[in-house]
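Asker: pasting the structure only:
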C-alpha cells in the first residue's frame, strides 16, 4: 500500500470494500457516478464529518481550482468533508481529460495543484490566519488515467508555532488503487508580511 494509511473511520466503514463488491459489473460511466454519489452519502453519514465549503469563485476569475479548472473537461467535481476530531479533510475529485499531459494520463502538475489546494484546506482548519506553501513533496506511485474520480485524504501531522506539517494520500475511488501520496509544510504569514487580499 504505502507508509500512509487511510483514516480509521473510512476503513471501519468498508467503503472501498463495498464498492469493489459490485461496481466492476457496471459500465464505467455508471461506476464513476454511482461511486461518487455513494461515497458522498457515506462521508455525510460518518461521525464528526461535515461538508466544507468549496473554494469561492473569484469574481475576477483569479482562482485556479474554483475558476480556471472548474470546467467539464478539467476538474468539474471537487467536494470536501472535514472530520472535526482529527482535522482530516477528505476530497472527492474528478480529474477530467482536459488536465492530461501524456495522452490519457493526468498531468503531474494537475495532481500537485489539487493536493496543494487540499493541503490549504487542512491548513485553514488550524485557524492560524493566512498561510503559504513552503514545501510540497509528492510521490507519484502510478499514472492517473484521465477521467478518474479520486478519493483524497489530507491531515495535519504536526503543528509547530506558525508551521503546519501535513500528509496526504490519493486513491482511485472505485478501486482503492493508490496513485500518489505526499506531504506539505505551510507557514502562517506574519501580519506585517501578508500581502493584501485582492478586491
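Answerer: Right, received. Where do you want to start? Worth saying up front: this structure is predicted, and the values here are computed from it rather than measured.

Asker: Flag every buried residue along the biggest strand by length in the chain.
Answerer: With residue count as the measure and DSSP state E as the assignment, the chain has strand 148-160 as its longest strand. Buried residues in strand 148-160, counted by 16 or more other CB atoms under 10 Å: 148-156, 159. Where you see a C-beta, it was placed from the backbone N, CA and C, and this is true even at glycine.

Asker: Give me the three-state assignment for residue 66.
Answerer: Secondary structure state of residue 66, per DSSP: H, G, I helix; E, B strand; the rest coil, is helix.

Asker: Relative to residue 100, how far out is it?
Answerer: Distance, residue 66 to residue 100, by CB to CB, to the nearest Å: 21 Å.

Asker: Quick check: which ranges of the protein have low pLDDT?
Answerer: 1-34, 54-61, 192-199 (pLDDT under 70).

Asker: show me where it has strands.
Answerer: 49-52, 77-83, 89-95, 131-140, 148-160, 163-172, 178-188.

Asker: can you list the residues that contact the second one?
Answerer: Counting by CB atoms under 8 Å, 6 or more residues apart in numbering, the neighbours of strand 77-83 from elsewhere in the structure are 7, 9, 36, 40, 43-44, 46, 48-55, 65, 70, 88-94, 114, 118, 121, 125, 149.

Asker: what do you get for the shortest one?
Answerer: Outside of strand 49-52, the residues within contact range by CB under 8 Å, 6+ apart are 9, 43-44, 79-84, 89-90, 121.

Asker: Make a markdown table out of the residues you listed and add neighbour count.
Answerer: Below are those laid out as a markdown table (neighbours: other CB atoms under 10 Å):
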| residue | neighbour count |
| --- | --- |
| 9 | 19 |
| 43 | 24 |
| 44 | 11 |
| 79 | 16 |
| 80 | 22 |
| 81 | 21 |
| 82 | 20 |
| 83 | 22 |
| 84 | 11 |
| 89 | 25 |
| 90 | 24 |
| 121 | 18 |
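
Asker: could I get those residues as JSON lines with distance to residue 186?
Answerer: Below are the contacts of strand 49-52 laid out as JSON lines (distance: CB to CB, whole Å):
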{"residue": "9", "distance to residue 186": "24"}
{"residue": "43", "distance to residue 186": "24"}
{"residue": "44", "distance to residue 186": "27"}
{"residue": "79", "distance to residue 186": "22"}
{"residue": "80", "distance to residue 186": "17"}
{"residue": "81", "distance to residue 186": "20"}
{"residue": "82", "distance to residue 186": "16"}
{"residue": "83", "distance to residue 186": "19"}
{"residue": "84", "distance to residue 186": "20"}
{"residue": "89", "distance to residue 186": "13"}
{"residue": "90", "distance to residue 186": "18"}
{"residue": "121", "distance to residue 186": "11"}
